[in-house]
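In: Have a look; sequence and predicted model below, questions after that.
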Amino acid sequence: MEQKKLGGRLWWNIILFSLVGQLAWNVENMYFNTFLYNKIYAGVSQTAIDGTIPVMSAISTMVALSAATAVITTFVMGTLSDRLNKRKVFISVGYILWGMVTAAFGLISRDHIAALFHLSDEVKILSVTVWTVIVMDCVMTFMGSTSNDSVFNAWVTDVTNPENRPKVETVLAFLPIAAMGAVVGIGSLAQSGVIGYDVFFLGLGGFAVLGGVIGLFTLQETKHKVQSDSANYWADLFYGFRPSVVKENSRLYLALSALGFFSIAVQVFFPYLLIYLQYVVLPGVPALDLMDASYYICAAVCVVLLLGGLIFLLKYGAKNKGRAILIAAIAFVVGLFLLGFAKDLRLLLLGLAPTVVGYAVLMILFNASIRDFTPEAKAGQFQGVRMIFYVLIPMVIGPALGNIAAVGSAVRYTDEYGVTQVAPTASMFLYAAAVAVLLFVPLGFLLKKGFRVEAKTEETQIN
């Protein structure tokens, strides 16, 4: 069986590569959108805005194409790492290249693109710059999906078992929160113009490179038993789509379906969240109102509910994973409805607690369950299947629904350059809540089948 007790070196690598990876993913998922909105589209004329793809549509397109890249990459590279019986080189070198591409975003600007392609027409300059960002995002996604989504996730599955995965998944779930806090803290400086986006991307990209270099010396290779039903690599790419495999692993696919609906709901609002906060929520809170004690009371209640809910559900989930997921799903949907009807910061804070609790617990327990249900020694092959439900479908459908919500009830304002801009509104949370309700269908069938998985009896060798 896999090791029941993880050693210090394993924990070091799990934390290092998860944290560094989440820092890089948060930069992409949160700040490439604001980079387009605040820098690439900022300061251009109304003619240029009207002559190219609208900014909200550009964000939706970028997210969708990045998702497609992520899934294709995960299928190809995850299966390749299985067949080569190697993880370390894909992870360490991948992180180095991932960081270099992230840092390269600091060089992208309309002026640089105009000089590079000898452009003078402002519409063409804006259009080419936007598509350069989108293409570079896909390149970055290829590096990140190779090293993190496919191979690192397979590596974690290799070195854990059903007994220690909830603990590992809890750590893996809180590291993105820590990474998000760090990225938002630094990114807010770039978003507000205190530091340039070039410094922001260069610094965080350099951190990813450093993580990859450290991993070359600390990461432990797994000698997992390779199980392939075919000598043909390309046939293995489609292993997870065989009807017999789906039937044999029905709990895995039910968990993936529930994760898919949950992830679509998240992607309805997440790509537009920082823009919503910057241009809709914060301008609606005059500085004098911040002296109102009710804001601090609501914030305190939010913190208590958040921490209490997380602690209770995670402890409960260790004993009854299915019921904990059900409670978390209800909290997530209720929170989204509250956010959708929030008219001021107080209601937004109260809606934030159940939303964040539901989000965090669902991520932890769904991911732990999916690892439990993944067939032994085929972790790399199934990372691509997981990415279809976790990334491709959600990031194509979710942002498109969010864009519909934004266009239908958007806030329009005139910026300092006299250009009409569009910002999303709280209606995106209601769209997300409607989608999230659908996760109860596969979850109901999964609850009937049960979540219990016996520990495996074969040990993974760690070098």
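Out: Yes, it's here. Since we're looking at a predicted model, the values are computed, not measured.
In: which SS state does R412 fall under?
Out: Secondary structure, DSSP: H, G, I helix; E, B strand; the rest coil: R412 is strand.
In: thought it was touching V422?
Out: Yes: with contact defined as Cβ atoms under 8 Å, R412 and V422 form a contacting pair (5.7 Å). (Each C-beta comes from the backbone N, C-alpha and C, glycine too.)
In: Have a look at those two and say which one is more surrounded.
Out: Set side by side, R412 and V422 show more neighbours around V422, with 17 against 8, by other Cβ atoms under 10 Å.
In: so the more buried one sits right up against M56, yeah?
Out: Yes: with contact defined as Cβ under 8 Å, V422 reaches M56; the gap is 5.9 Å.
In: Model confidence for the residue in the chain sticking out farthest from the centre, exactly?
Out: In the chain, the residue that sits farthest from the middle, by Cα atoms, centre = their mean, is S120; the gap is 37.0 Å. S120 is assigned 92 on the pLDDT scale.
In: could you list every residue that touches it?
Out: Applying Cβ atoms under 8 Å, 6 or more residues apart in numbering to S120 gives the contacts A114.
In: For it, which three-state class applies?
Out: S120 is classified as coil under three-state DSSP.
In: and what of K448?
Out: When classified by three-state DSSP, K448 comes out as helix.
In: Kindly provide the distance from G215 to F241.
Out: Computed as Cβ to Cβ, to the nearest Å, the G215 to F241 distance reads 32 Å.
In: For the stretch 351-463 of the chain, which segments count as helices?
Out: 379-387, 393-409, 427-436, 440-449 (DSSP state H, counting those that start in this stretch).
In: for those, which one sits closest to I134?
Out: helix 393-409 (12.9 Å; Cβ to Cβ).
In: low-scoring stretches of this structure, by residue?
Out: 1-4, 191, 223-237, 284-292, 295, 376-381, 383, 408-411, 413-421, 453-463 (pLDDT under 70).
In: Once you drop chain neighbours, what's closest to F332?
Out: Residue nearest to F332 in three dimensions, not counting chain neighbours: G358, with 2.7 Å by Cβ to Cβ, 6 or more residues apart in numbering.
In: Quick check: that neighbour touching V333?
Out: Yes: at 7.4 Å, G358 and V333 qualify as touching, with contact defined as Cβ under 8 Å.
In: now the helices: where do they sit in the stretch 201-350 of the chain?
Out: Remark: helices assigned in the stretch 201-350 of the chain by DSSP H, counting those that start in this stretch are 233-237, 243-248, 250-269, 273-276, 293-319, 321-340, 345-373.
In: follow-up on the earlier one: roughly how far apart are the residue nearest to F332 and L338?
Out: Distance, G358 to L338, by Cβ to Cβ: 11 Å.
In: When these two are compared, which one has more neighbours?
Out: Remark: of G358 and L338, G358 carries more neighbours, 25 against 20, as counted by other Cβ under 10 Å.
In: Identify the residues contacting the more buried one.
Out: Contacts of G358 (Cβ under 8 Å, 6+ apart): A328, A329, I330, A331, F332, V333, V334, G335.
In: Now for those residues, which sits with the most neighbours around it?
Out: With neighbours set by other Cβ under 10 Å, the maximum within the contacts of G358 is found at A328, which has 28 neighbours.
In: Now for that residue: which residues touch it?
Out: Here A328 is in contact with L313, V357, G358, V361, L362, L365 (criterion: Cβ under 8 Å, 6+ apart).
In: Tell me, how many residues neighbour the closest residue to it other than its chain neighbours?
Out: Spatial nearest neighbour of A328, chain neighbours left out: V361 (3.8 Å); criterion: Cβ to Cβ, 6+ apart. The number of residues packed near V361 is 26, by other Cβ under 10 Å.
In: thinking V361 is in contact with I311, fair?
Out: No: the pair V361 / I311 is not scored as a contact, 10.4 Å apart, by Cβ under 8 Å.
In: Taking helix 393-409 as reference, get the angle to the helix or strand harbouring M56.
Out: Using DSSP states H and E, M56 sits within helix 55-84. Between helix 55-84 and helix 393-409, the angle comes out at 180 degrees (axes from the mean of the first three to the mean of the last three Cα atoms, to 10 degrees).
In: Buried residues, helix 55-84. List them.
Out: For helix 55-84, the neighbour count (16 or more other Cβ atoms under 10 Å) marks 55-56, 58-67, 69-82 as buried.
In: Any chance of CSV for the contacts of G358, columns distance to G322?
Out: Output for those, formatted as CSV (distance: Cβ to Cβ, whole Å):
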residue, distance to G322
A328, 11
A329, 11
I330, 13
A331, 15
F332, 16
V333, 17
V334, 19
G335, 21
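In: give the contact list for A24.
Out: Applying Cβ under 8 Å, 6+ apart, we find A24 in contact with W98, G99, T102, M140, G144, N148, L204, G205, A208.
In: what about the residue nearest to A67 when sequence neighbours are not counted, how many neighbours?
Out: Using Cβ to Cβ, 6+ apart and skipping residues adjacent in sequence, the residue nearest A67 is M395, 3.2 Å away. Neighbourhood size, M395 [other Cβ under 10 Å]: 28.
In: gap between M395 and A433?
Out: As judged by Cβ to Cβ, M395 and A433 stand 19 Å apart.
In: and if you look at T34?
Out: Using Cβ to Cβ, T34 is found at 24 Å from A433.
In: likewise E221?
Out: To A433, E221 is 44 Å away according to Cβ to Cβ.
In: Quick check on those two: which one has the bigger neighbour count.
Out: A count of neighbours by other Cβ under 10 Å puts A433 above the other of E221 and A433, at 22 against 16.
In: so what's that one up against?
Out: Going by Cβ under 8 Å, 6+ apart, A433 touches A265, V333, L336, F337, G340.
In: Make CSV out of these and add distance to E248.
Out: Formatted as CSV, the contacts of A433 follow (distance: Cβ to Cβ, whole Å):
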residue, distance to E248
A265, 29
V333, 31
L336, 35
F337, 38
G340, 40
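In: tell me the angle of the helix holding M56 relative to helix 250-269?
Out: 150 degrees.
In: And the strands in the stretch 101-250 of the chain?
Out: Using DSSP state E, counting those that start in this stretch, the strands found in the stretch 101-250 of the chain span residues 222-223.
In: just checking, A423 touches V280?
Out: Yes: with contact defined as Cβ under 8 Å, A423 counts as touching V280 (5.4 Å).
In: Between those two, which is the more surrounded one?
Out: Neighbour totals were compared for A423 and V280, and A423 leads with 21 against 17 (other Cβ under 10 Å).
In: Tell me the bridge partners for that one.
Out: In this structure, A423 bridges to V411 when assessed by DSSP bridges.
In: how far away is it from I91?
Out: Computed as Cβ to Cβ, the A423 to I91 distance reads 39 Å.
In: likewise S81?
Out: 9 Å.
In: joint contacts of these two?
Out: With Cβ under 8 Å, 6+ apart as the test, S81 and I91 both reach V151.
In: Count the neighbours of K449 for me.
Out: 12.
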